[in-house]
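Participant: below: sequence and its predicted model.
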Amino acid sequence: MLINRKFLLTGIALLIILVTACGQSEQSTSIAKPPTQQEVGEVREVNRQTLQPKIVTVTEETRQTYKWYCSQCHGVKGKGDGINAKFLTVPPRNHTKAAYLETRTNEQLFEAIKFGGLSVGRAPCMPAWGHTLAEDTIHSLVRYIRELCHCEAF
């Protein structure tokens, strides 16, 4: 019971942070300075070795991680219809739409999850999960997103 309350409180705190950060207008979010292309390039270069995944399988643990961290915005089935989606200025990506996801490499998806949306020129609402999730877990999430869209990277 105590553990469930702890997870519930953590989830509520995450929801509040996401709604607060992403429910604002463009003007109020422009205060934060996004990383420059050079800074992003330097981070990518430093992390290039970690971005080369080995064969990654999707486990039940991966699916549970997606449900816990990603489904709040992207939805349980990845359709971009999560409970927070209606509060976000920029709609969450629909992970079942192959048309867009096939134009993105696994490295780009990895970077979006690890460093957040701004790191790949996308929505600032997408948080950086690199301090929360292990790199192997992020690689597995990328593989799971590929399963959801029934697509591969180009």
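Facilitator: Here it is on my side, so go on.
Participant: checking the closest residue to Gly78 other than its chain neighbours next. Helix, strand or coil?
Facilitator: Distances taken as CB to CB, 6 or more residues apart in numbering put His95 closest to Gly78, at 3.4 Å, once the chain neighbours are dropped. Where you see a C-beta, it was placed from the backbone N, CA and C, and this is true even at glycine. Classification of His95 using DSSP: H, G, I helix; E, B strand; the rest coil returns coil.
Participant: contact partners for His95?
Facilitator: 74, 78-80, 101, 145, 148-149 (CB atoms under 8 Å, 6 or more residues apart in numbering).
Participant: restricted to helices, list the residues you listed.
Facilitator: Using DSSP state H, the members of the contacts of His95 that fall in helices are 74, 101, 145, 148-149.
Participant: redo those as CSV? Include neighbour count, pLDDT and distance to Leu109.
Facilitator: Shown next, in CSV, are the ones in helices among the contacts of His95 (neighbours: other CB atoms under 10 Å; pLDDT from 0 to 100; distance: CB to CB, whole Å):
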residue, neighbour count, pLDDT, distance to Leu109
His74, 25, 97, 12
Leu101, 22, 95, 8
Ile145, 24, 97, 6
Leu148, 20, 97, 11
Cys149, 19, 96, 10
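Participant: redo the residues you listed as JSON lines? Include distance to Thr57.
Facilitator: Shown next, in JSON lines, are the ones in helices among the contacts of His95 (distance: CB to CB, whole Å):
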{"residue": "His74", "distance to Thr57": "21"}
{"residue": "Leu101", "distance to Thr57": "19"}
{"residue": "Ile145", "distance to Thr57": "14"}
{"residue": "Leu148", "distance to Thr57": "15"}
{"residue": "Cys149", "distance to Thr57": "17"}
